[in-house]
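In: sequence and predicted model, in that order:
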Amino acid sequence: MQNTPRIYTLRFGVLCLSSLFFSASYNMLIPELPAYLSGLGGSEYIGLIIALFTLTAGLSRPFSGVLTDTIGRKPVMVIGALVCVICGMLYPILGSVAGFLFLRLFHGFSTGFSPTAIAAYVSDIIPAKRWGEAFGVQSLFFSTGLALGPALGSWIKMYFSYTILFHSSSLMALLSLIFIARLQETLVDSVRFRWRLLKISKKDIITMEVFVPAVITFLSYVAFGMVLTLIPDWSDAIGIKNKGSFFIVFTATSLLIRFLAGKASDRLGRKLITMIGLVVLLASLLLMATLKFPNGLLFAAAIYGFSMGILSPALSAWIFDLSPEGKKGKGVATMFIALEAGIGLGALFSGWYYQDMYSNIPITMLACSGMAFIGVLFLWVKK
């Protein structure tokens with residue numbers, strides 16, 4: 001009998017808990033930010049709530065990739081969580097439209113840094129033949145934060161205030177930092193930070209070896225930008241009281257499938273599982289655009305959750321399959337650049353086309369389904 005390498009260690013568990021609190025920290029604000037910005041007098045800038053966040057997240061990816069491969073995984077995780085702590089404290093203080101938009105821009109550095117280092121850390125401590133399963137489990141915790149965050153954030157705003165909501169976001173990030181402090185660095189040849197490490201070249205921005213899964217990541221996450229931007233208002237328009245309900249259902253079904261999808265990608269191959277995920281994504285967006293009543297939207301949210309639960313671990317493992325040795329940080333940074341570009345484009349287009357007209361939302365959902373269809377065609381013809 002061959003010994004099965006362990007992946008469920010204390011170190012892996014601590015990392016997963018850190019990623020849960022980190023994702024809850026910034027995502028618990030999402031459902032309430034459109035109304036908060038409108039209250040400040042900036043309703044015409046709703047599309048920028050996600051777009052600005054993803055802009056700096058995407059621009060910082062090459063730097064976080066280089067730093068992850070040089071100074072280490074742990075310091076990069078710390079930077080991302082620390083940004084969330086600071087922003088949560090500053091939102092109530094900078095109470096103007098300009099101040100809010102500046103903070104959204106700054107807040108994006110959090111996801112530009114931490115997820116890159118978290119993914120590289122997972123690949124360091126888990127055997128390659130179980131990467132799909134490990135990323136399925138780690139993303140399960142991350143997505144639990146994505147689900148609990150919006151629900152908790154809406155509840156806090158309903159019974160307390162925006163100030164308490166923002167400070168609660170800081171507290172979540174602080175808990176993430178505490179767990180990070182318990183981790184040991186895994187990069188063997190780490191170096192001390194020097195400013196010249198931030199000087200990057202073209203080859204540090206995109207790792208061409210991971211081009212195919214990066215393109216699929218971009219096409220599949222355009223819809224996520226739309227969801228983050230429009231679902232809170234769409235939920236309200238069709239009669240769903242808690243704006244976080246969509247995210248709860250979406251993440252619950254995502255959690256149910258991630259572990260199995262990750263293991264399936266280890267055994268059946270990344271391409272096949274990714275294709276299945278894209279087809280389910282396409283179906284979910286068509287349902288989202290046509291089922292214009294509360295239970296219908298929640299059913300579409302469940303199917304959407306299945307699609308992202310299938311795609312996420314398969315794409316993450318595929319990226320590390322193709323990343324050159326010693327450049328895992330750059331490889332995963334390329335994937336996240338594609339992810340942030342997709343979310344940013346989806347959010348920007350959705351906010352621009354929406355213009356506070358509910359009738360425009362289903363059309364935006366259909367446009368996003370077109371991107372998923374392009375992904376199916378691309379993967380079908382690509383060797």
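Out: Good, I have the coordinates.

In: next up, the contacts around residue 341.
Out: For residue 341, the contacting residues are 54, 58, 218, taking C-beta atoms under 8 Å, 6 or more residues apart in numbering as the criterion. Where C-beta positions appear, they are placed from N, C-alpha and C, glycine not excepted.

In: can you pick the most crowded of the residues you listed?
Out: residue 54 (27 neighbours; other C-beta atoms under 10 Å).

In: which residues in this protein form helices?
Out: All helices of the chain, identified by DSSP state H, fall at 10-27, 33-39, 48-70, 73-90, 97-125, 131-159, 162-181, 211-237, 245-268, 270-290, 294-322, 328-354, 361-381.

In: and these: which comes nearest residue 194?
Out: helix 48-70 (8.9 Å; C-beta to C-beta).

In: of the helices of the chain, which is nearest residue 200?
Out: For residue 200, the closest of the helices of the chain is helix 48-70, at 5.2 Å, according to C-beta to C-beta.

In: alpha carbons of that closest one, as PDB, please.
Out: Presented in PDB, the C-alpha positions along helix 48-70 are these (Å, rounded to 0.1, in the frame of the first residue of the first chain):
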ATOM      1  CA  LEU A  48     -16.800  52.400  -9.300                       C
ATOM      2  CA  ILE A  49     -17.300  50.700  -6.000                       C
ATOM      3  CA  ILE A  50     -16.000  47.400  -7.400                       C
ATOM      4  CA  ALA A  51     -14.100  48.800 -10.400                       C
ATOM      5  CA  LEU A  52     -11.700  50.900  -8.300                       C
ATOM      6  CA  PHE A  53     -11.200  48.100  -5.900                       C
ATOM      7  CA  THR A  54     -10.300  45.700  -8.600                       C
ATOM      8  CA  LEU A  55      -8.200  48.200 -10.500                       C
ATOM      9  CA  THR A  56      -5.600  48.500  -7.700                       C
ATOM     10  CA  ALA A  57      -5.900  44.800  -6.900                       C
ATOM     11  CA  GLY A  58      -5.000  44.000 -10.500                       C
ATOM     12  CA  LEU A  59      -2.200  46.600 -10.700                       C
ATOM     13  CA  SER A  60      -0.600  45.300  -7.600                       C
ATOM     14  CA  ARG A  61      -0.600  41.700  -8.700                       C
ATOM     15  CA  PRO A  62       2.700  41.800 -10.500                       C
ATOM     16  CA  PHE A  63       4.300  43.300  -7.400                       C
ATOM     17  CA  SER A  64       2.700  40.800  -5.000                       C
ATOM     18  CA  GLY A  65       3.800  38.000  -7.300                       C
ATOM     19  CA  VAL A  66       7.500  39.100  -7.300                       C
ATOM     20  CA  LEU A  67       7.400  39.800  -3.500                       C
ATOM     21  CA  THR A  68       5.800  36.400  -2.800                       C
ATOM     22  CA  ASP A  69       8.700  34.700  -4.700                       C
ATOM     23  CA  THR A  70      11.400  36.900  -3.000                       C
END
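
In: how big is the angle separating it from helix 10-27?
Out: On the basis of axes from the mean of the first three to the mean of the last three C-alpha atoms, to 10 degrees, helix 48-70 is oriented at 150 degrees to helix 10-27.

In: and the angle for helix 48-70 with helix 97-125?
Out: Computed by the same axes, to 10 degrees, the angle separating helix 48-70 from helix 97-125 equals 40 degrees.

In: report the mean confidence score over helix 48-70.
Out: The average of the pLDDT scores along helix 48-70 is 85.

In: over to stretch 334-354?
Out: For stretch 334-354, mean pLDDT is 84.

In: so what touches stretch 272-285?
Out: 213, 216, 220, 223, 261, 264-265, 300, 303-304, 306-308, 310-311, 314-315, 318, 365-366, 368-369, 372-373, 375-376, 379-380.

In: which of these are buried? Put it as a ChimeraX command.
Out: Here the buried members of those are turned into a ChimeraX selection, burial being counted by 16 or more other C-beta atoms under 10 Å:
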select :213,216,220,223,261,264,265,300,303,304,306,307,308,310,311,314,315,318,365,368,369,372,373,375,376,379
